[in-house]
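**Q** Sequence first, predicted coordinates after that:
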Amino acid sequence: MQQQISLITLGIADLARSKRFYGEGFGWKPVFETPGIVFYQMNGLMLGLWPTSDLEADMQRPGLERPGAFALAHNVAAQADVQLVIDRLVAAGGKMLRLADAPPHGGFRGYVADPDDHAWEIAFNPAWPIDAEGHVKFGL
């Protein structure tokens, strides 16, 4: 079976608030939206924002909680870009979780939570090149 993720759907409380965070913070534009869901085309997968109650009903799994034990990541091409992106995300309604610094394994990273408390790592990793289409490759 091919290794891939096609779609990540985040349960959210307020679609307009989340659209502000992802639009103003990351600069992303939806490829599809209705009054109840938004999809962003990423480089190789889709990101969906859907009210948590609708996601719970679709999954038949009530009581979804956050924050979850995961972090999404957005890698940038230069170390200086880490703080710039973090600042934009916080200005767009995000919450600072960890100031940007250098982890023991190298690179530079910080963490921000979106308005629904989903954690985003904003990272520069010189060992993971980013191509012109924004694809990150594992490399050493």
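**A** Perfect, thanks for sending it.

**Q** can you map out the helices along this protein?
**A** 15-20, 52-59, 79-91 (DSSP state H).

**Q** mind giving me a markdown table with those helices and columns for mean neighbour count and mean pLDDT?
**A** All C-beta atoms are positioned from the backbone trio N, CA, C, and that covers glycine. What follows is the helices of the chain, written out as a markdown table (neighbours: other C-beta atoms under 10 Å; pLDDT from 0 to 100):
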| stretch | mean neighbour count | mean pLDDT |
| --- | --- | --- |
| helix 15-20 | 16 | 97 |
| helix 52-59 | 13 | 96 |
| helix 79-91 | 17 | 97 |
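
**Q** Let me have the ones you listed in TSV, extended by distance to A69.
**A** Below are the helices of the chain laid out as TSV (distance: least, C-beta to C-beta, whole Å):
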stretch	distance to A69
helix 15-20	21
helix 52-59	17
helix 79-91	21
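
**Q** Out of those helices, the one nearest Q3 is which?
**A** helix 52-59 (23.3 Å; C-beta to C-beta).

**Q** list the helices and strands the closest one packs on?
**A** Applying 3 or more C-beta pairs under 8 Å, 6 or more residues apart in numbering; DSSP states H and E, we find helix 52-59 packed against strand 7-12.

**Q** 6 Å instead?
**A** Applying 3 or more C-beta pairs under 6 Å, 6 or more residues apart in numbering; DSSP states H and E, we find helix 52-59 packed against no helix or strand.

**Q** what angle sits between it and strand 7-12?
**A** 130 degrees (axes from the mean of the first three to the mean of the last three C-alpha atoms, to 10 degrees).
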